[in-house]
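Participant: predicted model and sequence follow; I will ask about them next.
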Amino acid sequence: MAFCNPQGPYLNPAVPFSTSIQGGLQEGLQITIQGTVLHSAASRFAVNLQTGFSENDIAFHFNPRFQEGGYVVCNTKQKGCWGPEERKMQMPFQNGVPFELRILVQRSDFKVTVNKNVFLHYAHRVPFHLVDTLSINGTLMLSYVNFQPPGMWPAQQVPIAQTVIHTVHSAPGQMFPNSGIPPMVYPSPAYPMPFFTSIPGGLYPSKSIIVSGTVLPSAKRFHINLRSGSDIAFHLNPRFDENAVVRNTQVRGSWGSEERSLPRKMPFNRGQSFSLWILCEGHCLKVALDGQHLFEYEHRLKNLPAINSLEVAGDVQLTHVQT
């Protein structure tokens, strides 16, 4: 019997993390998440099993909250509306302590295990086969995310000599089990370059955009633009030939003043993957790279809903885009 894992593990992925679940949820599928909760005044994190990347339909929302002694909220969101909360007034996670969370898809519920102890069962409120996306966010650092399909051998029983090669079409950080080689990056038909897509509803406070990809080994430049019609409201332009990350706005064909200052040296690296998170607030865009705050960019175009398209071009291969 040949070993075939349709979706290999993700090692040290950036947070927020999201990926399509190849084949969707099936009875017997087990998701394993290992990480560490980070110290924060408002520590909480969420694991969502949802339909697509919009977060309008979340079949299972697992949300540990550390305030008030600690408790875990579970819920379901349908068409943007939350249902009644289920709260378990126990906290199996500790700040700064590594954990292992497992979610097993069963016929009638999700079985949740924390550090090998059964923590709760959450009855299905919507058919689990509608779920095709895993999303993780909050104050935590991830070290390992894996999907174990029904009937798959446990990891320790996998024959070491066999190698599985498949194409990466999801988030960066994915590695192949037991192959001993780094993942190969193939051009993805889902993300032709240059890449254009709409931002449904445009920008508004709390709106976030995620762009993940891999910088080409011989990269000179690439750019990410948030556009308002023919204008560019936000131009993010890593330039390896100048060792700079340039930000700017273009109105009626004319560029404004460049912003180049950063708290650290060139944060992008040739040949390496990245995950960029753009969060819109009332007065600015906050930009984080691989989970670390990078800079803020004050809005120069004030009509935020009109900023409704994303463009990516240059020396980069995209692996995941969420608008």
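Facilitator: Nice, thanks for sending it over.
Participant: tell me the buried residues in stretch 15-28?
Facilitator: Buried residues in stretch 15-28, counted by 16 or more other Cβ atoms under 10 Å: 15-21, 25. In this view, the C-beta of every residue, glycine as well, is placed from N, C-alpha and C.
Participant: would you mind measuring the gap between the ends of it?
Facilitator: 26 Å (Cα to Cα, to the nearest Å).
Participant: got it, and stretch 90-102?
Facilitator: Distance across stretch 90-102, first residue to last, is 17 Å (Cα to Cα).
Participant: what's the answer for stretch 116-134, then?
Facilitator: Distance between the two ends of stretch 116-134: 21 Å, counting by Cα to Cα.
Participant: repeat for stretch 64-74
Facilitator: With Cα to Cα applied, stretch 64-74 spans 9 Å between its terminal residues.
Participant: mind starting the numbering at 115 from now?
Facilitator: That works, and once the first residue is 115, the last one we named lands at stretch 178-188.
Participant: show residues contacting that stretch.
Facilitator: The contact list for stretch 178-188 (Cβ atoms under 8 Å, 6 or more residues apart in numbering) reads 151, 156-159, 174-177, 199-207, 209, 233-234, 236.
Participant: I145 contacts I250, correct?
Facilitator: No - in this structure I145 lies outside contact range of I250 using Cβ atoms under 8 Å: 10.2 Å.
Participant: which residues are in contact with both of those two?
Facilitator: V259.
Participant: doesn't P419 lie inside a helix?
Facilitator: Yes - assigned with DSSP: H, G, I helix; E, B strand; the rest coil, P419 falls within a helix.
Participant: need the pLDDT of G316.
Facilitator: If you check G316, the pLDDT there is 93.
Participant: quick one: N209 and D404, what's the gap?
Facilitator: Per Cβ to Cβ, to the nearest Å, N209 is found 21 Å from D404.
Participant: between these two, which has more neighbouring residues?
Facilitator: D404 (20 against 14; other Cβ atoms under 10 Å).
Participant: from M255, how far off is that one?
Facilitator: Using Cβ to Cβ, D404 is found at 11 Å from M255.
Participant: any common contacting residues for those two?
Facilitator: Counting by Cβ under 8 Å, 6+ apart, nothing touches both D404 and M255.
Participant: can you pull the poorly scored residue ranges out of the stretch 115-264 of the chain?
Facilitator: The stretch 115-264 of the chain contains residues with pLDDT under 70 at 115-122, 155-156.
Participant: and the helices in the stretch 115-264 of the chain?
Facilitator: For the stretch 115-264 of the chain, no helices turn up when DSSP state H, counting those that start in this stretch is the criterion.
Participant: now do stretch 251-270: distance to the chain's middle.
Facilitator: Put simply, stretch 251-270 sits 15 Å off its chain's centre (Cα atoms, centre = their mean, to the nearest Å).
Participant: and that stretch, what's buried?
Facilitator: For stretch 251-270, burial by neighbour count (16+ other Cβ under 10 Å) applies to 251-254, 256-262, 266.
Participant: ok, G367 - how many residues close by?
Facilitator: G367 is flanked by 8 other residues according to other Cβ under 10 Å.
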